[in-house]
Structure formats: C-alpha cells, structure tokens
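1. 3D model of this:
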Amino acid sequence: AGIYRDGSEWKLFDPPFASIPDHKAHVLHSIAERPAAWFPQLGGGGSTLLPEALRPAEIMLVDDVRTNFQSPGNAPKKVFRCCKVARYDAASFREMGAVKDMGGLGAHCEEDYWTLRNFALRPWTYKAESTVHCVERPFTGSRDQPPVKLIIFDFDETLTLYTFMPDERRYSSEIGYTGTAAAKSRFVQYNFDTPYLEGSRPAKLRKMLTQLASDPETEDRRVLLS
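-> Prediction:
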C-alpha cells in the first residue's frame, strides 16, 4: 500500500505495482505514463505537484544499486538520467564495529551535493563514462535538452548511511511516531549523520533537497523519496 498526505490527514492508496514488472525502471516509466495512479493528490484538480505531461527522460533516479537503472528481460526499461551513490564497508562505525554495504550521499565527499544539484540542472553535460557517477543515457529528443522535472531518491544507503530500525512496534504502526527525544536523536545520528566529515549531514541534505525543489533556472520540480 502507498500513503500520501491530504492536508493534515494521512491516507492510504494502492499504487499499481501489480500491473508492472518488479523493477524501479518500470515504476519510473509507469509514473510518466500514469502519474495520477501513483500520486492520488493529482486527482483533486489544480495540483502543481507534477506537470500534466511527463516523459521518462524528465525523471531522475538517485540510487545506490546500479542494477536499478535498467531492467532485464526481453522488454527492458532504462532510467535515462541516474545518479549512483557509492557503497562501502566501514571497518569501524561508531561503537558498532564493522558494518558492510553502507552508503549515503555526501557521507564521504562534500562534492556529492554540488554534483547532484549540477546534474539535475544540466544533465546533458554528464554523458555516460566510467569515471562519473551521474550520467545521462541517449534518448529520443536528448538534443533538445529537456529539464529534469521529477527526482526520485532511493532511501536505504542513499539518503541514509545505513538503515537501523528501532524494535518498538509503534514505529511501524503509528505514522509520525518518533519515540523519545533521545531515541529520535540517536536514530538520526546513526542513520543520517556521518562520522567521516565535519558538519551536520542532515542539514546539508535538507539544504540540497530544498535547492533541488526550487531551482530558479529550471521549471517547477519536485523531490520525492522512494
């Protein structure tokens, strides 16, 4: 089931996962074809959440798994504009010792935020090469340099460094429940803050997301988390 916010109320809905293959590339193409099926907020009329017409090339995916950018099979789908977040093994993460397969945009390199913002603004300058992480693949109409209108972020090891989940059942059953102030601070620190660079990573992520959502040089764009 999916969930969206209508004013102060959270509502459940059924995204059309059952009608497409289980792969993010197919989801992005389906969003372009039927945005209202994925965003019920559009059905109310007058919504500016997404433009009425959306092409797959106008959607950008930020993810930490390379295979999510193109589906397998006889009828594969591609993500034309994508940004691969680096993965790594931490020999010692805080007091938890060795943790494998960690990630997190900006966890090790401050330039990640600039690279992603610049790619969203001018993706046509990032052609597929082995030395870069943000790439634009060839697609029909690419010479027209259409802007990015929708950015979708993976959550685990892309926005988070690693996803540590609390044991208390209320976290999974009550939307908006954050527990005690101490517990909230601890999970923010472990999931989002980086011990490898100075400064607050959550604050840097917040600034980057705000800039991506309201870039004055492009048309309206929304930042979404998957």
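2. look up the closest residue to the spatially most central residue of the chain, ignoring the ones flanking it.
-> Relative to the mean C-alpha position of the chain, the nearest C-alpha, by Cα atoms, centre = their mean, is the one of F153, at 0.3 Å. Distance criterion Cβ to Cβ, 6 or more residues apart in numbering; nearest residue to F153, sequence neighbours excluded, is V62 at 4.7 Å. No exception for glycine: its C-beta is placed from N, CA and C like everyone else's.
3. other SSEs contacting the helix or strand hosting that neighbour?
-> Under DSSP states H and E, the secondary-structure element containing V62 is strand 59-63. With contacts defined as 3 or more Cβ pairs under 8 Å, 6 or more residues apart in numbering; DSSP states H and E, the secondary structure elements packing on strand 59-63 are helix 24-33, strand 81-84, helix 111-121, strand 150-153.
4. and those, which is most packed in?
-> Across the helices and strands packed on strand 59-63, the average number of neighbours (mean count of other Cβ atoms under 10 Å) peaks for strand 81-84, which reaches a mean of 26.
5. tell me which residues of stretch 122-129 are tucked away?
-> Within stretch 122-129, the residues that qualify as buried by neighbour count (16 or more other Cβ atoms under 10 Å) are P123, Y126.
6. what does it contact?
-> Stretch 122-129 has contacts (Cβ atoms under 8 Å, 6 or more residues apart in numbering) with M60, R81, F119, V132, C134, V135, E136, R137, S142, Q145, V148.
7. ok, 6 Å please
-> R81, F119, C134, V135, E136, R137, Q145 (Cβ atoms under 6 Å, 6 or more residues apart in numbering).
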